[in-house]
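Undergrad: sequence first, predicted model second:
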Amino acid sequence: MMISFASGTSTDADDHHGAGGRGITYPWTRPITSLISRELFESMFLHKDDNACPAKDFYTYDSFVKASRCFPRFGSTGSISTRKREIAAFLAQISHETTGGWATAPDGPYSWGLCFKEEISPQSNYCDSTNKEWPCYDGKSYKGRGPIQLSWNFNYGPAGKALGFDGLKNPELVSNNSIIAFKTALWFWMTEKKPKPSCHDVMVGLYVPTVADKAANRTAGFGLTTNIINGGLECGLPNDARVNDRIGFFHRYANVFRVHTGPNLDCDYQKSF
């Protein structure tokens, strides 16, 4: 990583705000807008609306907030520090997936999240023809789109069903509608797809490793969310540049939120699901 942000620079001073129950959701506490203001959001994504970014003016703060309201457990589970850490982890992962940064980029490589809204030059149409539950439509591409770069028919189908649109017939909506785009990313983050836990459960302390998880060294932490998102390509590879990029974003955002990153940031020695 080209820029280092020290983890653990915060004291997590606001842990006392409702830090009692593990995994408890506090619906009466601050809304997500009080944890990440418009100004903070814009400071994290300094270049998302530059002319150089294909997603210019697409990923708006208002769309993020509106999408998050459809997932009330996101950013509302556990202590204030846990809530901030989850938001930071989510934003870090979508930043890597959509980054336009490079090593010597202005303001550093971790200021260029949300620059792309769809995969450039995909190598295939990401259709798993063996999946009969979510069959592909002829001529449709299920390439990476949106903040999480949703890919494959077996993700577009259930995402659309959960969110109220036909993800198989109209996958382009994910890169044409900003609110739907953020909703698909949050759907992926919040949804358990066995044997994978949800990224949400991992970040808020609700993940309980199975015997298989323990044997695969799948320990709780930011690295496990990387395993859930793209473990087949990135995990089990010590010092992988893609994993390090994700961690770089997480360090920066955790610093912004003044929270610890927590342990187990990489998935270097984890087996994929």
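TA: Looks like it came in fine.
Undergrad: neighbours around the closest residue in space to Lys56 that isn't next to it in sequence, how many?
TA: Nearest residue to Lys56 in three dimensions, chain neighbours excluded: Asp49, at 5.2 Å (C-beta to C-beta, 6 or more residues apart in numbering). All C-beta spots, glycine's among them, are computed from the backbone N, C-alpha and C. Residues within reach of Asp49, counting by other C-beta atoms under 10 Å, total 16.
Undergrad: repeat for Pro72
TA: 13.
Undergrad: need the contact list for the nearest residue to Asn125 once chain neighbours are set aside.
TA: Leaving aside its chain neighbours, Asn125 sits nearest to Ser141 (4.4 Å; criterion: C-beta to C-beta, 6+ apart). Going by C-beta atoms under 8 Å, 6 or more residues apart in numbering, Ser141 touches Pro122, Asn125, Tyr126, Pro171.
Undergrad: I figured the residue nearest to Lys56 was touching Asp57, is that so?
TA: Yes. Under the criterion of C-beta atoms under 8 Å, Asp49 is in contact with Asp57, at a separation of 5.5 Å.
Undergrad: and the contacts of the lowest-mean-pLDDT helix or strand in the chain?
TA: One helix or strand of the chain scores below all others by mean pLDDT, DSSP states H and E: helix 32-35, with a mean of 95. Here helix 32-35 makes contact (C-beta under 8 Å, 6+ apart) with Val65, Ser68, Phe74, Gly75, Ser76, Ile80, Arg83, Lys84, Ile87, Phe257.
Undergrad: now which of these would you call buried?
TA: Val65, Ser68, Phe74, Gly75, Ser76, Ile80, Arg83, Lys84, Ile87, Phe257 (16 or more other C-beta atoms under 10 Å).
Undergrad: and the residues you listed as JSON lines, adding pLDDT?
TA: Below are these laid out as JSON lines (pLDDT from 0 to 100):
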{"residue": "Val65", "pLDDT": "98"}
{"residue": "Ser68", "pLDDT": "97"}
{"residue": "Phe74", "pLDDT": "98"}
{"residue": "Gly75", "pLDDT": "97"}
{"residue": "Ser76", "pLDDT": "96"}
{"residue": "Ile80", "pLDDT": "96"}
{"residue": "Arg83", "pLDDT": "97"}
{"residue": "Lys84", "pLDDT": "98"}
{"residue": "Ile87", "pLDDT": "98"}
{"residue": "Phe257", "pLDDT": "98"}
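Undergrad: need these in a markdown table with secondary structure, can you?
TA: Below are the buried ones among the contacts of helix 32-35 laid out as a markdown table (DSSP: H, G, I helix; E, B strand; the rest coil):
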| residue | secondary structure |
| --- | --- |
| Val65 | helix |
| Ser68 | helix |
| Phe74 | coil |
| Gly75 | coil |
| Ser76 | coil |
| Ile80 | helix |
| Arg83 | helix |
| Lys84 | helix |
| Ile87 | helix |
| Phe257 | helix |
